[in-house]
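S.K.: just need the structure, nothing else, for what follows:
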Amino acid sequence: MEFVLGGRFPGRSAYAYTGPGGRGTAGAAAPAIVFIHGAQHDHSVWALQTRAFLEQGWRVLAPDLPGHGRTPGPALASVEAMADWLLALLDGAGVASAVLAGHSMGSLVALEAAARAGARVHGLALLGSAWPMKVSEALLTRAREDEARAIDMVNLWSHAAPLACLPLAPGVCAPAGNRRLMQRMAARNPAQLLHTDLAACNAYAGGVAAASNVTCPTLFILGRHDAMTPPRAARALADALPQAQVLQLDCGHALMTEQAGAVRDALLGFALAAGGGAGTVE
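M.R.: So this is what the prediction gives:
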């Protein structure tokens, strides 16, 4: 569904998946959850999780960040700008309060938005998160000079080796699907999108400061075999969030596909406990 933004982004359009026929925008009294994707991805990485929340009567928004998927560019070059954009989207969509769930780069965006939004965010789920989220100079250079090769590198590091060869369903392979998604994002936005995203993660310095301003319950969902953001890299954030819970799953960085059911169940349980509840979709 298309939305028109205000604030720092007056008149700009944004796309967010809201369920079949916009079902996730119906019922103003329904609890809301917003899913924020990571670098070189779009809303589709949350397919199973969004479906589960829709079936439970939640209001769902899974936006494509600027320059990703169906939201026009240019891509935003900092986590702070993406957080401002996300809050402008909530205004444009008429979402007064919500649970935020972010993956990788999206987890930093969710964290920064929650710090700025105060009580408007009543639950924060950070998947595949880390701070600082440092990116090697070799990968940044590769993303700038040879994006196709950088995509292959990131895709390889995103999946746990024992699970990578196991399809989600007959004919569906998680690593192959992820690689194709990243290639589509590159084709839609040829302006070095992956480098822009990775550089934003690498430059974000406000993690602990943002965490000190978050008052809502927080859930970390981390992959034990994550080579991109290993669990130890989330320790500084977890220590800075007094209400943080940490769940580790047997998977790599691509948690939403490698452990789709476990992520779905963890998010549903956390969101309900954080103050949501089954609403009625009108």
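
S.K.: run through the stretch 1-150 of the chain and note the low-pLDDT ranges.
M.R.: Counting by pLDDT under 70, the ranges of the stretch 1-150 of the chain that qualify are 21-29.

S.K.: which parts of it are helices?
M.R.: When assigned using DSSP state H, counting those that start in this stretch, the helices of the stretch 1-150 of the chain occupy the ranges 47-55, 79-93, 105-117, 137-145, 147-157.

S.K.: in the first one, what counts as buried?
M.R.: Buried positions in helix 47-55, judged by neighbour count with 16 or more other Cβ atoms under 10 Å: 49-50, 52-54. In short, each C-beta sits where N, CA and C put it, glycine included.

S.K.: which residues touch it?
M.R.: Contacts made with helix 47-55 from outside it, assessed by Cβ atoms under 8 Å, 6 or more residues apart in numbering, are listed as 17, 19, 23-24, 33, 35, 43, 60, 62, 101, 256, 260-261, 263-264, 267-268, 271, 281.

S.K.: quick one: contacts for Asp84?
M.R.: By Cβ under 8 Å, 6+ apart, the residues touching Asp84 are 7-9, 116.

S.K.: who wins on neighbours among these?
M.R.: Top of those by neighbour number is Phe9, holding 19 neighbours under the definition other Cβ atoms under 10 Å.

S.K.: these two touch, right, that one and Leu87?
M.R.: No: with contacts counted by Cβ atoms under 8 Å, Phe9 stays clear of Leu87, the gap being 10.0 Å.

S.K.: low pLDDT regions in the stretch 151-282 of the chain?
M.R.: Going by pLDDT under 70, which is the cut-off in play, the stretch 151-282 of the chain has low-confidence ranges at 161-172, 276-282.

S.K.: would you map the helices across it?
M.R.: Counting by DSSP H, counting those that start in this stretch, the stretch 151-282 of the chain has helices at residues 161-164, 174-188, 193-203, 207-211, 235-240, 255-258, 260-273.

S.K.: quick one: which of those is nearest Glu2?
M.R.: Distance to Glu2, taken as Cβ to Cβ, is lowest for helix 174-188 among these, at 16.3 Å.

S.K.: circling back: for the buried residues of helix 47-55, which one is nearest Leu111?
M.R.: Comparing those against Leu111 with Cβ to Cβ picks out Gln49 as the nearest, at 18.5 Å.

S.K.: taking the contacts of Asp84 together, which two end up most distant?
M.R.: When these are compared pair by pair using Cβ to Cβ, the maximum separation belongs to Phe9 and Arg116, at 14.8 Å.

S.K.: re the thing from before, now the contacts of helix 47-55: which count as buried?
M.R.: Neighbour-count burial (16+ other Cβ under 10 Å) is assigned, among the contacts of helix 47-55, to 17, 19, 24, 33, 35, 43, 60, 62, 101, 256, 260, 263-264, 267-268, 271, 281.

S.K.: my guess is Gln243 contacts Cys216. True?
M.R.: Yes: the pair formed by Gln243 and Cys216 meets the contact definition of Cβ under 8 Å, at 7.2 Å.

S.K.: so between the two, which is more surrounded?
M.R.: Cys216 (20 against 13).

S.K.: as a markdown table, the contacts of Asp84 with distance to Met185 would be great.
M.R.: Output for those, formatted as a markdown table (distance: Cβ to Cβ, whole Å):
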| residue | distance to Met185 |
| --- | --- |
| Gly7 | 25 |
| Arg8 | 24 |
| Phe9 | 20 |
| Arg116 | 26 |
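
S.K.: so which of those residues comes closest to Ser136?
M.R.: Taking Cβ to Cβ as the measure, Ser136 lies nearest Arg116 of the contacts of Asp84, at 29.3 Å.

S.K.: for the closest one, list the residues it contacts.
M.R.: Applying Cβ under 8 Å, 6+ apart, we find Arg116 in contact with 83-84, 87, 213.

S.K.: same thing with Ala160?
M.R.: Shown in contact with Ala160 (Cβ under 8 Å, 6+ apart): 223, 225-226, 250-252, 258.
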